[in-house]
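Enquirer: Output the structure for:
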Amino acid sequence: MARSSSQRAGQPKTGKRKDHLGGHVARKRFGQNFLVATDIIQEIIDAIDPRAGDTVVEIGPGLGALTEPLLSRMDHLHVVEIDRDLIARLRQRWPGGRLTVHEGDALAFDFAALKADGRLKIVGNLPYNISSPLLFHLVASAPVVYDMHFMLQKEVVDRMVAEPGSGDFGRLSVMLQYHYHMECLFTVPPGSFEPPPKVMSAIVRLIPRDKPVVGGTQKVGAGDMAIGESLLAKDEALFSRIVAAAFSQRRKMLRNTLREFFSEADLAALDITPTVRAEELGVADYVRLANTLASALTPAVAVKP
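Expert: All right, here's what the predicted structure looks like:
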């Protein structure tokens, strides 16, 4: 469900702070901003709701702000970390079989390979400098993931859950709303981190579309109105290319940005006004465009009498 919770998303948390980072110096090149607000940490853990039998993977555990409370509810946890100093701290703090540390770049990690018998849940305070590429990378794991909970720059979350017609609605909105139900749970101010970032953050929940929506009673949001569960792209690579082309020059009309794929007559035949801009179409419109072109490109199969 692509929506922003009306009661919570606009109310930033203030948070109770821890005093220090245990001597670690945050590295800008890794986009490190460590969450230190203990009440917010607890609320994130409650939202994640880890259970016995779950396989949980934490991206960028850092100094263990989420790692510790997650392990208080679980027997084992996977983490993906690139900073060798932090990896050494994590292994020293949790030796033995409770914590598996995967050393390396999350952008190159195969999250789906960790799927076991239980639910696969992915969580983390994502570095702002790689958040969008990482979200696109995680799409490949959507078929085996139960849900994901991330701390992101609020501006990114706003784009993720944006409705068609808004200035925030873009390529990220279309591609993620095609794959996930999404909800902004609450916002977190800069003072909840060390060092404080210059932007507001937010917690977002992503549930792959083949999974039931939590609770089953949420209000239908922008993404859910835009695409039905049965409306799937025949060629997802082509769907992605069309979306990327449409948003490549936001100020231009679709008759220009999609000229490689469709004529003005083609767009009109699909009840799409050639002079509209990319953000004025919903996810389902892009799926229809992609499927129409995919059908046209697929050679007809001769039927023997």
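Enquirer: how close does the closest residue to residue 190 other than its chain neighbours get to residue 78?
Expert: Excluding the flanking residues, the one nearest residue 190 by Cβ to Cβ, 6 or more residues apart in numbering is residue 196, at 4.0 Å. C-beta coordinates here come from the backbone N, C-alpha and C atoms, glycine included. In this view, residue 196 and residue 78 are 29 Å apart by Cβ to Cβ, to the nearest Å.
Enquirer: Looking at those two, which one has more neighbours?
Expert: residue 78 (19 against 12; other Cβ atoms under 10 Å).
Enquirer: Run through the residues that contact that one.
Expert: Each residue near residue 78 by Cβ atoms under 8 Å, 6 or more residues apart in numbering is listed here: 55, 56, 57, 58, 100, 102, 114.
Enquirer: Tell me the one of the residues you listed nearest residue 125?
Expert: Nearest to residue 125 among those is residue 58, at 8.9 Å by Cβ to Cβ.
Enquirer: Per-residue pLDDT of the residue nearest to residue 190, please?
Expert: pLDDT, the model's per-residue confidence, is 83 for residue 196.
Enquirer: How about the secondary structure of the residue nearest in space to the middle of the chain?
Expert: Geometric centre of the chain, nearest residue: residue 135, 4.6 Å, by Cα atoms, centre = their mean. Under DSSP: H, G, I helix; E, B strand; the rest coil, residue 135 falls in the helix class.
Enquirer: Could you find the closest non-adjacent residue to it?
Expert: Excluding the flanking residues, the one nearest residue 135 by Cβ to Cβ, 6+ apart is residue 176, at 6.4 Å.
Enquirer: Output the helix or strand containing that neighbour as PDB, nothing but the C-alphas.
Expert: Here residue 176, judged by DSSP states H and E, is contained in helix 171-179. Output in PDB follows, covering the C-alpha atoms of helix 171-179 (Å, rounded to 0.1, in the frame of the first residue of the first chain):
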ATOM      1  CA  ARG A 171      10.500   6.700 -11.600                       C
ATOM      2  CA  LEU A 172      11.200   5.500  -8.100                       C
ATOM      3  CA  SER A 173       7.400   5.800  -7.300                       C
ATOM      4  CA  VAL A 174       6.300   3.800 -10.300                       C
ATOM      5  CA  MET A 175       8.900   1.000 -10.000                       C
ATOM      6  CA  LEU A 176       8.500   0.500  -6.300                       C
ATOM      7  CA  GLN A 177       4.700   0.800  -6.300                       C
ATOM      8  CA  TYR A 178       4.600  -1.900  -9.000                       C
ATOM      9  CA  HIS A 179       6.400  -4.300  -6.700                       C
END
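Enquirer: Could you give the separation of the helix or strand immediately after that helix in the chain from the chain centroid?
Expert: Moving toward the C-terminus from helix 171-179, the next helix or strand (DSSP H and E) is strand 180-188. Relative to its parent chain, strand 180-188 has a centroid offset of 10 Å by Cα atoms, centre = their mean, to the nearest Å.
Enquirer: Stretch 91-111 too?
Expert: 21 Å.
Enquirer: ranges for the helices of the stretch 1-150 of the chain?
Expert: For the stretch 1-150 of the chain, the helices defined by DSSP state H, counting those that start in this stretch occupy 38-48, 67-71, 84-93, 131-138.
Enquirer: Could you check the angle the helix holding residue 176 makes with strand 180-188?
Expert: 120 degrees (axes from the mean of the first three to the mean of the last three Cα atoms, to 10 degrees).
Enquirer: Summarise which helices and strands helix 171-179 is packed against.
Expert: helix 131-138, helix 154-160, helix 222-226, helix 236-246, helix 283-297 (3 or more Cβ pairs under 8 Å, 6 or more residues apart in numbering; DSSP states H and E).
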